[in-house]
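> just need the structure, nothing else, for what follows:
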Amino acid sequence: MPAVTAAQLQEGISRMQGRTTRQTRTQEQEQEQEPEQSVFVTFIDGSEFEAKVRPSDFVRVLRSQVSERRGITDARVRLVFDNQVLDSHTTVQECGITDGASVNAMIMQPLFQGSQVYDKIAKGMSTSGLFDTESAVHDALEDSMHKKAQLNDAFAAAMRLRKRRDE
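You can find the predicted model right below:
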């Protein structure tokens with residue numbers, strides 16, 4: 001196999017990036033021409049709101065609208081359509097969601113002391129020998145959950161700002 005020089009490698013990367021940029025522009029132009037459709041999001045308490053999405057939007061766009069509406073992190077939102085939990089990395093069209101469809105939203109509770117998951121994590125931390133008391137384990141978990149929530153909220157806010165700036 002012949003050796004590839006750094007210049008050849010860089011040229012190939014540049015060509016690929018140019019192609020990717022052209023493809024992205026084409027996809028953006030197609031998306032702009034694509035009409036928005038109304039999706040009705042229903043919560044377990046019976047309340048609902050109308051969200052606007054395009055068929056080529058990823059489900060995470062819809063999740064983001066729900067989390068923004070409720071003032072929570074995206075990670076706590078589960079969307080269900082046609083008896084299936086929707087994957088954030090699939091498009092609205094791939095899920096079979098059409099104009100006027102109704103999607104159910106479930107808001108998941110944050111990890112809290114007393115739940116099975118919390119207790120398993122706390123037990124694992126206790127037996128690790130890194131913490132000398134049970135309260136130290138709970139303090140560490142509480143601090144970790146607080147930091148994770150702050151990071152997730154900051155990321156969601158940055159994405160919303162970016163979206164508004166791009167519009």
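
> tell me how many other residues surround residue 65.
By the criterion of other Cβ atoms under 10 Å, residue 65 has 22 neighbours. Bear in mind the C-beta positions are built from the backbone N, C-alpha and C, glycine included.

> quick check: pLDDT value at it.
For residue 65, the pLDDT comes out at 94.

> the one 3 residues further on too?
If you check residue 68, the pLDDT there is 89.

> which SS class is residue 109?
At residue 109 the chain is in coil, as set by DSSP: H, G, I helix; E, B strand; the rest coil.

> pull the number of nearby residues for it.
Residue 109: 7 neighbours (other Cβ under 10 Å).

> now swap in residue 95 and tell me
20.

> now do the contacts for it.
For residue 95, the contacting residues are 59, 81-82, 84, 86, by Cβ atoms under 8 Å, 6 or more residues apart in numbering.

> and the gap between it and residue 165?
28 Å (Cβ to Cβ, to the nearest Å).

> residue 134 now?
47 Å.

> looking at this protein, which helix or strand is least sure?
Least confident element among the helices and strands of the chain, by mean pLDDT, DSSP states H and E: helix 6-33 (a mean of 57).

> ok, the nearest residue in space to residue 40 that is not next to it in sequence - contacts?
Once flanking residues are discounted, residue 40 sits nearest to residue 102: 4.7 Å by Cβ to Cβ, 6 or more residues apart in numbering. Residue 102 makes contact with 39-42, 48, according to Cβ under 8 Å, 6+ apart.

> can I get those in a markdown table including secondary structure and pLDDT?
Below are these laid out as a markdown table (DSSP: H, G, I helix; E, B strand; the rest coil; pLDDT from 0 to 100):
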| residue | secondary structure | pLDDT |
| --- | --- | --- |
| 39 | strand | 97 |
| 40 | strand | 97 |
| 41 | strand | 97 |
| 42 | strand | 95 |
| 48 | strand | 94 |
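
> residue 66 contacts residue 77, doesn't it?
Yes. In this structure, residue 66 is within contact of residue 77 by Cβ atoms under 8 Å, at 5.0 Å.
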